[in-house]
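Peer 1: Show me the folded form of this:
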Amino acid sequence: MTRLTGHGGQLATAVARAHGIGTMFTLSGGHVFPMYDGAVNGDPPMRIVDVRHEQSAVFAAEATGKLTRTPGLAVLTAGPGITNGVSAVTTAHLNGSPLVVLGGRAAQARWGAGALQELDHPPLLAPVTKHAGTVGSTAEIPAAIHDALSLAAAPHRGPVFLDFPIDVLFSHADAEVPAVSAPAPVEPDPDALERVAAALAKATKPVLVLGSDVWADRAEAAARRAAETLGLPTITNGMGRGVLPAGHPLLVTRARSRAFGAADLVIVVGAPLDFRLGYGEFAGGAAVCQLADSPGGLASHVKLAGSAYGDLSLALDGLVAAWQRRAGRASYTDWGAELRATADAAIAADAGVLDSDADPIHPARVYRELGRQLSDDTVVIGDGGDFVSYAGKFVEPRNPGCWLDPGPYGCLGTGLGYAIAARIARPSAPVVLLLGDGAAGFSLMDADTLVRHDLPVVMIVGNNGIWALEKHPMRFLYGYDVAADLAPRTRYDEVVRALGGAGEMVTSPAELGPAIKRAFDAGVPYLVNVITDPAVAYPRSTTGI
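Peer 2: Predicted structure coming up:
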């Protein structure tokens, strides 16, 4: 225990600093001025990044949590400041991202009298956080912040919300602060791992799925060891992408349909059995085993052939050890070769659209040109519908922790906040933000934040002038569409230029490569506005319904 003395903002930021937080994302509001004072005058000072919409502050903090695997911090003013951040908090909740959101609140002394922006926030946030509460006294602030950060970082990770009455935050107190210590990892049940190993020993066509929690739980090395030792063909999703790098012989994500259609066992690690995995009901009737970081991550809507929870490195290494102890272990070489051949054929079949000289531009051509300029450490961020679906298909990270997308909540507008965070968390790595033109409308004003804070990011907009994810299905269902058109050829590049960045519009395939190179070389926020063919629809196999 240590003792701290100061106003509420000084107490709060001192504890955050002790937990390793170096950046506060916010949009200015008088209810939280003491937080800013605590950040500016602390030792060391905490960086303050102020954005143009509160959702971008929370998305930036969430992405910080994703990339650094320690909680990100957003500070929001009372009332609309907090309600503007609710969708972003919900995204973090569904993504399992470690995040703490601190909010202002109308004065306790006048509660109920109709003060400016008076709203009882915690009931709104409770369904989408691990905890939502109000801190009632200045002396309680250090312990409350400590507990919030510890809870956000504990598996299964997620957001925590606290608000502070303005009179509590401006007041002074002398308070004790708990010591910061890393919790011991949770040991998975060895008997449960034996049951998963037994299911694997009986399988002839198993598939391994690695999801975002593999990265979040720092289990990427153990996951790669497991895949390679067991010889399992592997599919990755979310931030599990890159655990097996692009080109790895066991990485068969491009043979996903064949794998799930013919497998007799699917072992899912660090991912929920949600719509992205067919709710765990695979076409070939495969048995399902699941490894999760906490008991709440294990599916209850399908029967599991085996399951275990706990530290995912320990779980994966324990599964390998249990499998190795079994006599007569199967080899999956032929099955893996079959899926490898299917994946290679799918990749070869892509050449036609990736190299397309069609005019208007086929969206896939963007990814051929982009792929030629990506380095091993580039952070790629997707925010959009069809355009970003192509990114998921054609961009394969070479390292873990280099892919960010909105996740299962599907909330557009993550992009600029994620890009702000990535530029700060990975200062030496290139950052590429891929935006649908629809998604750009949610957050492009925060290009101003990139400019003001000197955060160079390459932005590429796939501009087809429509809400493609809605327009094509609606025409299929009804023969017509409404509310699915945007203005054609909107100059999103000029928006960024007006805000102090740079950019250009591209209308022919031959211009793509040079334009993207100029964006990487510019050293400023740069938007390449690519006019793509609105008639091209991504060939998706699931609607998420």
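
Peer 1: The closest residue to Met35 other than its chain neighbours: neighbour count?
Peer 2: Spatially, and ignoring its direct neighbours in sequence, Met35 is nearest to Gly9 (4.4 Å; CB to CB, 6 or more residues apart in numbering). Using the backbone N, CA and C atoms, a C-beta is placed for each residue, glycine as well. Gly9: 25 surrounding residues under other CB atoms under 10 Å.

Peer 1: now Gly9: how far from Leu102?
Peer 2: Applying CB to CB, to the nearest Å, the value for Gly9 to Leu102 is 10 Å.

Peer 1: what's the answer for Pro155, then?
Peer 2: Taken as CB to CB, the span from Pro155 to Leu102 is 22 Å.

Peer 1: Gly352 now?
Peer 2: From Gly352 to Leu102 the distance is 51 Å (CB to CB).

Peer 1: Of those two, which one has the most company?
Peer 2: Leu102 (28 against 10).

Peer 1: got the residue ranges for the helices in the stretch 251-400 of the chain?
Peer 2: 256-262, 312-324, 333-349, 351-354, 363-371, 386-394 (DSSP state H, counting those that start in this stretch).

Peer 1: Out of those, which is closest to Glu281?
Peer 2: helix 256-262 (9.9 Å; CB to CB).

Peer 1: Which positions in that closest one come out as buried?
Peer 2: Of all the residues in helix 256-262, those buried under the rule 16 or more other CB atoms under 10 Å are 256, 258-260, 262.

Peer 1: Show me what it is packed up against.
Peer 2: helix 333-349 (3 or more CB pairs under 8 Å, 6 or more residues apart in numbering; DSSP states H and E).

Peer 1: what's the distance between the helix it packs on and the middle of its chain?
Peer 2: 29 Å (CA atoms, centre = their mean, to the nearest Å).

Peer 1: For it, name the packing helices and strands.
Peer 2: helix 256-262.

Peer 1: what separates the helix it packs on from the chain centre, distance-wise?
Peer 2: 26 Å.

Peer 1: that older thread, what's the overlap in contacts for Gly9 and Leu102?
Peer 2: 32, 35 (CB atoms under 8 Å, 6 or more residues apart in numbering).

Peer 1: Count the neighbours of the residue nearest to Tyr279 when sequence neighbours are not counted for me.
Peer 2: Nearest non-adjacent residue to Tyr279, counting by CB to CB, 6+ apart: Leu273, 5.9 Å away. Residues within reach of Leu273, counting by other CB under 10 Å, total 22.

Peer 1: Spit out the contact partners of Leu273.
Peer 2: 279-280, 288, 290, 299, 301-302.

Peer 1: need the contact list for the spatially closest residue to Asp167 that is not a sequence neighbour.
Peer 2: The spatially closest residue to Asp167, leaving aside those adjacent along the chain, is Ala107, at 4.5 Å (CB to CB, 6+ apart). Counting by CB under 8 Å, 6+ apart, Ala107 makes contact with 115, 165-167.

Peer 1: C-alpha coordinates for stretch 524-534, CSV please?
Peer 2: Coordinates of each C-alpha in stretch 524-534 appear next as CSV, following Å, rounded to 0.1, in the frame of the first residue of the first chain:
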residue,chain,number,x,y,z
VAL,A,524,1.3,12.7,-43.0
PRO,A,525,-2.2,11.4,-42.8
TYR,A,526,-2.9,10.5,-46.4
LEU,A,527,-6.2,9.3,-47.9
VAL,A,528,-6.3,7.4,-51.2
ASN,A,529,-9.9,7.6,-52.5
VAL,A,530,-10.4,4.6,-54.9
ILE,A,531,-13.4,4.7,-57.1
THR,A,532,-14.6,1.1,-57.2
ASP,A,533,-17.3,-0.8,-59.2
PRO,A,534,-20.7,-0.6,-57.4
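
Peer 1: what pLDDT, on average, does it get?
Peer 2: Stretch 524-534 carries an average pLDDT of 97.

Peer 1: How far off centre is that stretch?
Peer 2: Per CA atoms, centre = their mean, the centroid offset for stretch 524-534 relative to its chain is 23 Å.
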